[in-house]
Structures are given as C-alpha cells and as structure tokens.
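Chemist: Fold the following, please.
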Amino acid sequence: MINLTINGKKITAPEGSTILEAARNAGIDIPTLCYDSAVEVYGACGLCVVEAEGIPKLLRSCSAKVNEGMVINTESERVIKSRKIAMELLMSAHDGDCVAPCKLACPANTDCQGYVGLIANGEYEAANKLIKDRIPLPAAIGRVCPHPCEKACRRQNVEEPISIAQLKFFAADYDLNGEKYIPKKAAPTGKKVAIIGGGPAGLSAAYYLAQLGHEVVIYDMMEKMGGMLRYGIPQYRLPKDILDKEIELIEKTGVKMANNLKLGRDFTIASLKSFYDAVIVAVGAWKSSSMRTPGEDLKGVIGGIDFLRKVIKGEEVNIGENVAVCGGGNTAMDACRTAVRLGAKNVYVIYRRTRNEMPADEIEIEEAEEEGVIYKFLTNPISFNGENGVLKSATLQIMELGEPDASGRRRPVPIEGKTEEIALDSVIMAIGQKLVAEDVSEIKLNDWGNIEADEDCFATNLDGVFAIGDATNKGAGIAIEAIGEADRCVKAVDAYLNGESFETRVPYISKRNEETIDYSDREKNSRKRPKVLDADYRKNNFDEVCLGYTEDEAKAEAERCLECGCREYFKCKLLNVAQRYDIEPSRFAGDMPQKYNRDENAFIERNNSKCILCGLCVRSCREVMNLSSIGLLGRGFTTDVGPAFSLPLNETNCNSCGLCVQLCPTGALTEKANMKKQVPLKEQFSVEGIEIDGKKAKVLVSKYDGKIIRVAPFDEISRKSGLTRDELFAKVVK
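Modeler: Numbering: from 1, shown residues only. Next up is the predicted model:
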C-alpha cells in the first residue's frame, strides 16, 4: 500500500493505482468526462488535473500513478483555472439547450416542456404534479397568465407556439375533477412564519413553506383569500369556485388562513415579528394609478381595479350607457368587457398607441372586439369634462407615432390642434396600480414608492422580514412573476430560519444559437384553439368564456412540442461539471460546426452538435463490444464521431446494445423514446444468474415491442458457450 495525502487527508492506496482511483476510494471527487473503468484511459477532457507538490506541471489524475509520500491538491487555484479553461473550450463547441426556452421564459421556472410531454402521453396526473412543483394555483394561472413561455416557444418558427397555458388549464382541471393532488410535507421544524397578504405571492409562499415543515399563517384584509386573482380578474375569465378549490388544497397542506385582518389596523409587522420567526410581506398593489388628467375627481371617473373589485364583490356600480376605458393592458380588457356585461351600450377603449403596441393578450383584444368594444387608437384624454361635479364627456388628443422609446415601442406624439370630444357617463382608468404606502409605514420604500427588497433574497431593512410581489421594487407585475418570487423567497427564508447562507449564484446552462436552428423538416401543424362561448351569448353574462380543451385536443396540441430542452438534463455529467465553476465559454466562441446529425437507428438518437469528443462511445464500442461501429472522423475543429463514411448506424454492425448511450456524458447519444407512451422503444434490464458453461453470468437484456432482440455481451457469451442467439434468449426467458 502507498501512503499519500490528498487535500490534507492522509490516505493509503494500492500500489499501481491512479490518483483518480485513490481519490475516489477516499470519497474525494475529481471531475472527469472521458474516464470510465470499462475502457482504457484516454485523458481527452483535461478536467481531472491535480497539483502535486514538487512536480511543476499539473497531472492528469486518470493516468498518473500514486507514489509514496505524494501530496496532492485537487482544488488549488492553478487546478481550478485549468479546469475552467478546459470547460470553456468544451462548452464553446457544445451546441445544445440544457433547458427549453419556454422554461427559461417562465418567471416561476415551470418545466413547461416536461408537463406538455406528459400531457401528450396521457399522463395528466403526473403533468399536474410537475406543474404544482412550481405553481400551487395552476387552474387559475392557466386561465389568466399572459404566458411569456409561449412568446419564447420555438414552435412559432414553424407556424404557431404551443398553447402552453391552455395545457396547464387542462391538466389542473383534470386534477380538480379527480383525486386532488396534495404534496407531501417534511417533518415539523418548529419554526413559524407569518405572511401578510393572501394573493398569488402570499398563497404560493405559504404552500412552499408548509412543504418544508414550517408552521404558516396568512393574514389578509379581504373577506376571502386570492388577492387580485379573486378581486381583480372577472368571473368570466376566472370562475371563483375554481380559485376556491385551489386555495382549499393549499389549506390542506397545513396552512392557516386569517381573513378580515388589515396591516396597520389590526396588527403591525413588529407585533407579528415578536411572535413569528420570520415575516413575509405580500400585500399587493391595491391603489389605481392616477392619469394626472384634469377632471379625475369627477363623479363617474373610477380606477380600473377599484371598478373590477366592486363588480366582483357584488356592489352596486352605475356606469351608464357610454363608458370609456383608458389603457391597453389586460386590466383594461377586463374592465371594458365587464362594462359590456353590465349593459353599457357604447364601450370605448382609449389607447394612445396603435393596436400593434397594445400589451394586452391578442385573444383578449379580439374577444372584446367581438363583444362590441370600440377601439379609439392614437388618442389620449387631455381632460374629463363635467357639470355639477358629474362626468359628461372627455376631450381626446389625437396622436401619431414618433420614434421608439425606452420600451422599444414608438412614442406617441400629439398632433397639434387636433382633438375629439366624446360624450361619456363613466371613465375607467386602467393604466396601472400601486402600493398603498400608508399600510407599510414600518418598512423602507424606494424612490418609486414600493417596498425596497433585495432582488436575490427579498430581505427588507427589517431583520427577518421579507417582501415579494406587486408591492416591491418595480411595482405591479403579472401573477406568475409573484409566484416565481415566492418560490425564491421561501428558499431564502428557509436558509434564514436554519441559520444558513443563501446561494444566489445563477448556475450555468447551455443555450443554442437560434440562428443555426433549421426547421425546414418540420411539418406545419397549427395550434388547436379551444372552444369559446359565442360573443352574442357571452356578452350578456359572466359565464366562463373559454371552455378549455377536450382530452383529444389537449393531446394533439401537446404533441406539437419540439422538445427543445435536453432529455439528459438531470443526469448530464457535462452540465454537472460546468456548474461547479463560473465559466464563460464565449471567450472561445467561434463558428459552431454544424455536425452530421440524423435519426439513423431504431433505438439510438445521435446529436453530434452536443458531442465533446470524449471518445467514450468510440472506445466502449471497440474495447468492450469488439464492434467499432463508430469512430473519430476528420481532424482538428472538424473532427466528428460517427460510422465510417458517415453511414447510418443501421447500415453498420451496431447491435443496439446501448453501451455508448449509457457512457455518454452529454445528450449527444440518447435512447429514442416513443412520445405517445413516454417509454423507451427499447426496454433494457439486467438478468443475473444466467448459467453459461457452468458459470453464473449477468447479462443485459434488450426488448422491443415485447420481444427480446438482444442479450449483451452476446458475442462474448456466444464464443464462450457456443449458444445460438435463440438458445441464449430461451435461457433468459427461463
């Protein structure tokens, strides 16, 4: 045995061992991507380097042997610098998506590709569980989310993006109408957290905290939980019984809920902090923004969220026959469509830009138009006019578009001397909302009048007090943003409760160069549109407009997914090492070689754009299977891995053993999957105790369509035993 020291730890190792073997046996991890005990040492990746005292150059631990008295450092500054450069070189030629663009675009980091794929396979319960890993209110969010995920969906480069939000709606409703999923909870921690505000941010934070075993109480000023999901979104878009069911499921995780209790009136942050270990402020933004237009104080002028809240609560709202809604977002659409349902004869939307610049969802704009809403684009109110304190009309400035502003949209510019006056009974100002600052007088506010919260951990100026949602930093946003903040905040709160530091470093992921993606082989297949109530019927009531997908429609829509994200994401060795270090592959960026890549085998899918030339597939095929079905082709930057003469795999002696797939450290080699069944076309399993020539053996069995197609390593077993393929298969079955 050899005595040596690795990272200050004295160990022994058998003579002839490599440094890598000695370290691993001692529980010390040295990263490597090209090493496997099944094949000869190759040393291609350059990641396993270590520093040895008295030796000037770094050693490759996969090949360097241990010597008596050796002192090794596996994480020195030189070693880390070398590994970072090696990783940057590898990743600079790795053209693959670790994560689908839809997931990256979701503020809650929802695995859109994952649940869309599960829906395509008919696994609706599994899809809902995956969604609820990130979103505790999926039926509500599926109905109202403006789906930034769909704006990033690459399917739009073929024809139209996947209807991701509608599929969430479908999976969540399937769950609510069946055995409702409630996540498991960790053992009680004895820690208590108070949450102020029962909107999407507060409810989500409570949901996540309860799962971690913490005791949680939500305090809310309204009669029922839900926040703006309940009091800011009309019934025809989000039925409140759906919201009630989802809130009830959150309550069943152990969350306690206390309503009709207002911050500043019934309790203070300080009083809660004296009783709870941490407090999360998620009070929302309940005050309509002012337009600073003369006449706003007239009777008949009301804020958008004030108007919607009154209607939802069943309070009397007399808007008259002629109504104008100012704004171009989804709140404006909710307000104008609600006004139609309340019986207004003429409902105008006043928007200072054109239809193309409206931030509202296109479907909301279209459906409002179908219901009779009149759009007055390129107009802006310069005064609301009244008699005896009551609104009578509005004077509109006619606008034209000038140069783009900071948002990228063309700035509306007044046309001097050109105005229009319209008779009105009501004006609904739907241009935004903000925090009621008096409610949070204990916390430091920023220059915008919002709570100042750390953007990484959401801590405020008060120890143990955190803040999330519409009340913080940049102000009101969309519900899915609040949910995403709640998830990240809970991680910070949990670390705080446990006296631990909170990791804010963003892990590295690989992204494809969009300009190099070829969609020409994709068959065009437009998105499936769910049925909606007829406009003439729906404008007279508050029934839910969208009827959602049928099962067949949902599966057909989900099957359109291009599956951009890598299937090997959770077990990719390349990514695991890349995320250990702060790497910048762009330093070595060049022309990405568009490598040979096509489906060429019934079981194995090759994507050489992800290949890092580690050689494991080539060596395992040659050294273990004695086949040499694939090899290294070319030299230098154009080197590729594939069969000789770039033949398809099915025209070689490849027997689909899957060993190359098993050893591949990236997603360059994967096992093909039948999307409809979400199971590998080739089923593989090990069978031990097969008696061959008087000895017990372990074999790898491959099945396709229920039949055994291969036993590995067949050639070796056949040579030793003299058994034919059928005779060997019979032994396995027996």
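Chemist: doesn't residue 307 make contact with residue 428?
Modeler: Yes: assessed by C-beta atoms under 8 Å, residue 428 is found in contact with residue 307 at 5.0 Å. Heads up, the C-betas are built off the backbone N, CA and C, glycines and all.
Chemist: Tell me which of those two has more neighbours.
Modeler: Neighbours per residue (other C-beta atoms under 10 Å) separate residue 428 from residue 307, with residue 428 holding more: 30 against 26.
Chemist: what about the more buried one, helix or strand, and which?
Modeler: strand 426-429 (DSSP states H and E).
Chemist: I'd like the mean pLDDT over that strand, please.
Modeler: Mean pLDDT, computed over strand 426-429, is 98.
Chemist: Report all helices and strands that that strand contacts.
Modeler: Contact analysis of strand 426-429 by 3 or more C-beta pairs under 8 Å, 6 or more residues apart in numbering; DSSP states H and E lists strand 301-303, helix 304-312, strand 322-326, helix 330-341, strand 390-404 as its packing neighbours.
Chemist: Recalculate using a threshold of 10 Å.
Modeler: Helices and strands touching strand 426-429, by 3 or more C-beta pairs under 10 Å, 6 or more residues apart in numbering; DSSP states H and E, are strand 301-303, helix 304-312, strand 322-326, helix 330-341, strand 346-351, strand 379-387, strand 390-404.
Chemist: average model confidence for the longest one?
Modeler: Model confidence over strand 390-404 averages 94 on the pLDDT scale.
Chemist: mind listing what's buried in the next helix or strand after it?
Modeler: Downstream of strand 390-404, the next assigned helix or strand under DSSP H and E is strand 410-423. For strand 410-423, a neighbour-count test (16 or more other C-beta atoms under 10 Å) marks 410, 412, 422 as buried.
Chemist: Also stretch 40-60?
Modeler: 41-52, 58-60.
Chemist: how long is that stretch end to end?
Modeler: 14 Å (C-alpha to C-alpha, to the nearest Å).
Chemist: And stretch 276-294, by the same measure?
Modeler: Taking C-alpha to C-alpha, stretch 276-294 runs 47 Å from one end to the other.
Chemist: Residue 605 sits in which helix or strand?
Modeler: Using DSSP H and E, residue 605 falls within strand 604-606.
Chemist: so what strands line up beside that strand?
Modeler: Strand 604-606 has its sheet partners listed here by DSSP bridges as strand 669-671 (antiparallel).
Chemist: ok, now how distant is the nearest residue to residue 293 once chain neighbours are set aside from residue 484?
Modeler: Spatial nearest neighbour of residue 293, chain neighbours left out: residue 381 (5.3 Å); criterion: C-beta to C-beta, 6 or more residues apart in numbering. Going from residue 381 to residue 484 by C-beta to C-beta, to the nearest Å gives 35 Å.
Chemist: and residue 3, what is it in contact with?
Modeler: Residue 3 makes contact with 10-13, 66-70, according to C-beta atoms under 10 Å, 6 or more residues apart in numbering.
Chemist: Most widely separated two among those residues?
Modeler: Greatest spacing in the contacts of residue 3, by C-beta to C-beta: 10 and 67 (14.6 Å).
Chemist: More neighbours: these two, which one.
Modeler: Between residue 10 and residue 67, counting by other C-beta under 10 Å, residue 67 is the more crowded of the two (13 against 10).
Chemist: So the more buried one versus residue 78, what's the distance?
Modeler: Residue 67 is 20 Å from residue 78, by C-beta to C-beta.
Chemist: Likewise for residue 1?
Modeler: Counting by C-beta to C-beta - residue 1 and residue 78 are separated by 29 Å.
Chemist: if we can go back for a sec, which one of the buried residues of strand 410-423 sits closest to residue 589?
Modeler: Closest to residue 589 out of these is residue 410 (33.8 Å), distances taken as C-beta to C-beta.
Chemist: beta partners of the closest one?
Modeler: Beta-bridge partners, per DSSP bridges, of residue 410: residue 404.
Chemist: Can you name the residues that contact it?
Modeler: Taking C-beta under 10 Å, 6+ apart, one finds 353-354, 356-357, 400-404 in contact with residue 410.
Chemist: got any ranges where the stretch 301-450 of the chain has weak pLDDT?
Modeler: Counting by pLDDT under 70, the stretch 301-450 of the chain contains no low-confidence range.
Chemist: Could you look up the SS state of the closest residue to residue 290 other than its chain neighbours?
Modeler: Distances taken as C-beta to C-beta, 6+ apart place residue 296 nearest to residue 290, at 6.4 Å, with adjacent residues excluded. Residue 296 carries the three-state label coil when classified by DSSP: H, G, I helix; E, B strand; the rest coil.
Chemist: Begin at 838 from now on, thanks
Modeler: Shifting the count to begin at 838 puts that one at residue 1133.
Chemist: Pretty sure residue 1265 is one of the things residue 1133 touches, is it not?
Modeler: No: the criterion here is C-beta atoms under 10 Å, and residue 1133 misses it with residue 1265 at 11.8 Å.
Chemist: follow-up on the earlier one: so which of the contacts of residue 840 wins on neighbours?
Modeler: residue 903 (27 neighbours).
Chemist: how close does it get to residue 856?
Modeler: Distance from residue 903 to residue 856, by C-beta to C-beta: 6 Å.
Chemist: Also residue 1178?
Modeler: Residue 1178 is 74 Å from residue 856, where distance means C-beta to C-beta.
Chemist: And the two? Which one has more around it.
Modeler: residue 856 (28 against 19).
Chemist: wait, what's in contact with the more buried one?
Modeler: Residue 856 neighbours (C-beta under 10 Å, 6+ apart): 841, 843, 850, 865, 867, 885-887, 889, 896-904, 907, 909, 911.
Chemist: before we move on, the earlier item: tell me what the helix or strand following the strand holding residue 1265 is packed against?
Modeler: As assigned by DSSP H and E, the chain's next helix or strand after strand 1263-1266 is strand 1270-1271. Judged by 3+ C-beta pairs under 10 Å, 6+ apart, strand 1270-1271 is in contact with strand 1124-1125, helix 1141-1149.
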